[in-house]
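>>> could you look at this predicted model? Sequence included:
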Amino acid sequence: MKRDYSTFPDDENGDILWGMASDGDKLDTPREIDFSVVFPTEEFALKFAVHLLRNEQKISFSSYDGKSGFPWQVQVHPVMPAKHKNITGFEQLLAKHASPMGGINDGWGCFAQE
């Protein structure tokens with residue numbers, strides 16, 4: 001199968017999704033996708049978590065040791081098809097709301113749907 005760059009752009013998300021599709025994942029099938037946003041303080045992480053809860057998002061909150069200077073993590077778990085537009089758009093939305101509080105995106109992941 002040849003990579004279609006309009007579906008799988010030449011960026012990190014496109015590369016990941018292309019790999020998933022090449023492994024047989026049915027990207028059109030909605031699934032829970034876990035987006036991680038990390039923060040320098042517990043106060044800002046909690047503030048962001050409350051913002052997401054008020055917007056009816058499913059979240060997880062925990063301490064985090066995966067990124068120096070960012071010891072708090074909020075994970076958001078929307079259900080959506082694993083499409084580049086969906087993932088990149090959701091990351092941009094998270095960044096828009098997290099950056100004023102010092103938060104940064106720290107990746108996403110999901111289980112394959114075959």
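Nice, thanks for sending it over.

>>> need the contact list for residue 22.
residue 1 (Cβ atoms under 8 Å, 6 or more residues apart in numbering). (C-beta placed from N, C-alpha, C; glycine too.)

>>> per-residue pLDDT, it?
On the pLDDT scale, residue 22 is placed at 96.

>>> cool, the one 3 residues further on as well?
The model reports residue 25 with a pLDDT of 97.

>>> distance of it from residue 38?
26 Å (Cβ to Cβ, to the nearest Å).

>>> more crowded one of those two?
Using other Cβ atoms under 10 Å as the criterion, residue 25 and residue 38 rank with residue 38 on top: 22 against 18.

>>> how near is that one to residue 15?
22 Å.

>>> which residues does the closest residue to residue 7 other than its chain neighbours contact?
Of all residues not flanking residue 7 in the chain, residue 84 sits nearest, at 6.9 Å (Cβ to Cβ, 6 or more residues apart in numbering). Residues in contact with residue 84 (Cβ under 8 Å, 6+ apart) are 7, 8, 9, 13, 14, 17.

>>> secondary structure class of the residue nearest to the spatial centre of the chain, three-state.
The centroid of the chain falls nearest to residue 35 when counting by Cα atoms, centre = their mean (2.6 Å). Following DSSP: H, G, I helix; E, B strand; the rest coil, we place residue 35 in the strand state.

>>> same question for the one 3 residues further on.
Residue 38 carries the three-state label strand when classified by three-state DSSP.

>>> is the closest residue to residue 70 other than its chain neighbours bridged to anything, and to what?
Sequence neighbours aside, residue 38 is the residue nearest to residue 70 in space, at 3.8 Å (criterion: Cβ to Cβ, 6+ apart). With DSSP bridges applied, residue 38 shows beta-bridge pairing to residue 73, residue 104.

>>> contacts only, for residue 38.
Going by Cβ under 8 Å, 6+ apart, residue 38 touches 45, 64, 66, 67, 70, 72, 73, 74, 103, 104, 106.
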